[in-house]
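1. Pasting the sequence and the predicted coordinates here, then a few questions.
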Amino acid sequence: MKTLLLIDTYPSTKNKVEELESCIESLKSTELDILITSHLPIDTQIQQMCNYYIYDKNNLLLDSIGKNYFGNSIFYLEWYTPFHAPANCLNMFNGFNLAILHGYDFVVYISSDCILSQEDQIKLVELISFCQNNNKMGFVFNPPDLLDFTCDSSISGPFTWETIMFGFRTEEFLLYFDPPKSLDLYNQLGCPDKKLETNFFHRLQSVKDQIYVIPSWCRSFFDTSQIDLSIKSLYFLDLVKVKSKPDILLFFLVVGHKSYKQTLKIFIDSMLIHQGEYYADTWYYQEFNLTEQSLVIELLSDNGDFIEKKYTLNQSLLDKTQEKKDFIDFY
């Protein structure tokens, strides 16, 4: 069975470029051909590390769909991010169709924030062989402790198949999942919540008996590897509205429970007014008045990522903050 490894990437930072390189290197000993699909250009040196490379600048995002939240006994914070699932689907569409054109019978889709150990590279090759020897259409990971709702009911259960890594026979995947290549087509998927994993589960249920469903998290199955590294870069950093005090400009930082250490600096008219280090499950906030001064926020992560945000503390900024869906409430 001719197999292609399809790496989906969006190397927007130096750290993500390094993760992509490590991901490719970690798959070399499988001796399988490698394709990179991306909505950002890839350095020529990295292109030379693989067999194929697709750059599609059409980075499909659904605006403010991805809901995130953090809460404790003091406050509840809710914020929304552009949802990248349609972009992932376009990379699947591009990759699986290239595989068809080049005669690949089976494709393993892998997110570039996965770096496999030598031991787990062997397990991956064994998974591919298992599907071939047992006439399975593919393999997916179904974490039994990740509870979600079905697409057509309010019954909660393990109805989510992970999309960080899966393998599938090429023609059948394009037939049964048919990854949407536009926002209109993505919006026509069966589940109203737009979550890729739930739709993935929903679309492939008709052939689930022909799929090797692994009752585990991908990171638990490949337990000696680094899987889903992006989760270590999750944090909120922005101005946010306070529901109970609509006239306040509130800056807020909250660090995810698996994140790297973050170093925060705040400047007013180029004067440093705050500097601090924040670790997993820590947070900081500060109120600002409409003084017409400049506000600059800098955040440096231990993984090398750097973010800078600039504002002018005026009524226009307050209005824009109030218009966003993000909010915080204090108890």
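-> Thanks, I have it.

2. Near the residue nearest to residue 288 when sequence neighbours are not counted, how many other residues are there?
-> Once flanking residues are discounted, residue 288 sits nearest to residue 249: 4.5 Å by C-beta to C-beta, 6 or more residues apart in numbering. C-betas here are computed from N, CA, C, even on glycine. Number of residues near residue 249 (other C-beta atoms under 10 Å) recorded here: 22.

3. Please report the distance of residue 249 from residue 291.
-> 10 Å (C-beta to C-beta, to the nearest Å).

4. so what sits against both of these two?
-> residue 313 (C-beta atoms under 8 Å, 6 or more residues apart in numbering).

5. my guess is the residue nearest to residue 288 is in a strand, correct?
-> Yes - counting by DSSP: H, G, I helix; E, B strand; the rest coil, residue 249 falls inside a strand.

6. contacting residues for it?
-> 239, 287-290, 313, 317-318, 321.

7. let's see it at 6 Å
-> Taking C-beta atoms under 6 Å, 6 or more residues apart in numbering, we find residue 249 in contact with 239, 288, 318.

8. One more: residue 173?
-> residue 96.

9. Just want the phi and psi numbers for it.
-> phi -60, psi -40 (degrees, to the nearest 10).

10. Give me the pLDDT for it.
-> pLDDT, residue 173: 96.

11. before we move on, what about residue 1?
-> pLDDT, read off for residue 1, is 81.

12. tally of neighbours for it?
-> For residue 1, using other C-beta under 10 Å, the count is 11.

13. From here on, call the first residue 2.
-> Sounds good: first residue 2 from here, last item residue 2.

14. Was I right to think it contacts residue 107?
-> Yes - Residue 2 is within contact range of residue 107, at 5.1 Å (criterion: C-beta atoms under 6 Å).

15. Okay, buried residues for stretch 122-141 please.
-> 122, 125-126, 128-129, 132, 137-141 (16 or more other C-beta atoms under 10 Å).

16. do you know how far the residue nearest to residue 289 is from residue 319?
-> Separation of residue 250 from residue 319 (C-beta to C-beta): 6 Å.

17. what's the answer for residue 146, then?
-> From residue 146 to residue 319 the distance is 42 Å (C-beta to C-beta).

18. Of those two, give the one with the bigger neighbour count.
-> In terms of neighbours (other C-beta under 10 Å), residue 319 is the more surrounded of residue 146 and residue 319; the figures are 19 against 9.

19. Including pLDDT and secondary structure, could the contacts of residue 250 go into a markdown table?
-> Below are those laid out as a markdown table (pLDDT from 0 to 100; DSSP: H, G, I helix; E, B strand; the rest coil):
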| residue | pLDDT | secondary structure |
| --- | --- | --- |
| 240 | 92 | strand |
| 289 | 92 | strand |
| 319 | 93 | helix |
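
20. Would you mind listing the two of the buried residues of stretch 122-141 that lie farthest apart?
-> 122 and 138 (22.6 Å; C-beta to C-beta).

21. Model confidence for the residue nearest to residue 24 when sequence neighbours are not counted, exactly?
-> Among residues not flanking residue 24 along the chain, residue 113 sits closest, at 4.8 Å (C-beta to C-beta, 6+ apart). With respect to pLDDT, residue 113 scores 94.

22. ok, how many other residues are close to residue 113?
-> Neighbours around residue 113, by other C-beta under 10 Å: 23.

23. In this model residue 25 seems to touch it, though I could be wrong.
-> No - counting by C-beta under 6 Å, residue 113 stays clear of residue 25, with 8.3 Å between them.
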